[in-house]
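predicted model, plus sequence, below.
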Amino acid sequence: MYTGTKDRIIDINTYTTSTGDFGESITSNTPFYNDVWAEIIYASGDERNEGESVTALNEVSFIINYMTGITEKMVVVYDNKNYDILHIEVIGRERELKLKCEKRSNDNVIRR
């Protein structure tokens, strides 16, 4: 399989929710696939008003070899930044996946 353009390493994590000692809900990222080779395509940037703040949006696509179990409820981690998966496109006959993602400038916001 040709992987010459897949020159970046990403992680694919899933959100998990647990209950803390005082009954509070704690959301965290749990590794699903680690050290996945990917090609990165930067699509566009934009801004969105959310409440009283302006949030910058960046659309990025990650092309990886086909892997099972990846859903839109997961997050791609690249360069210590979180990218929410918006859409998953199968390329070829389950040869590759194109993960269309969105990165927010404030990584503390969880979009679930």
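Sure, I can see it. Numbers count the residues shown, from 1 in each chain.

could you find the closest non-adjacent residue to the residue nearest to the spatial centre of the chain?
With distances taken as C-alpha atoms, centre = their mean, V76 lies nearest the centre of the chain, 2.6 Å away. Leaving aside its chain neighbours, V76 sits nearest to Y83 (4.3 Å; criterion: C-beta to C-beta, 6 or more residues apart in numbering). Using the backbone N, CA and C atoms, a C-beta is placed for each residue, glycine as well.

sheet partners, orientation included, of the helix or strand where the one you found lies?
Assessed by DSSP states H and E, Y83 sits inside strand 81-91. Note on strand 81-91: by DSSP bridges, its sheet partners are strand 74-78 (antiparallel), strand 96-104 (antiparallel).

report the mean confidence score over it.
Average pLDDT, strand 81-91: 94.

next, the buried residues of it.
N82, Y83, D84, I85 (16 or more other C-beta atoms under 10 Å).

and stretch 65-76, by the same measure?
In stretch 65-76, counting by 16+ other C-beta under 10 Å, buried: I70, M74, V75, V76.

pull the most distant pair out of those residues.
Based on C-beta to C-beta, the longest span within the buried residues of stretch 65-76 runs between I70 and V75 and measures 10.7 Å.

identify the contacts common to these two.
I12, I85 (C-beta atoms under 8 Å, 6 or more residues apart in numbering).

check contacts around I88.
Here I88 is in contact with I70, T71, E72, L97, K98, L99, K100 (criterion: C-beta under 8 Å, 6+ apart).

which residue sits closest to the third one, ignoring its sequence neighbours?
In this case it means E72. Per C-beta to C-beta, 6+ apart, closest to E72 is I85, 5.0 Å.

now the one you found: how far from S25?
Counting by C-beta to C-beta, to the nearest Å, the gap from I85 to S25 is 22 Å.
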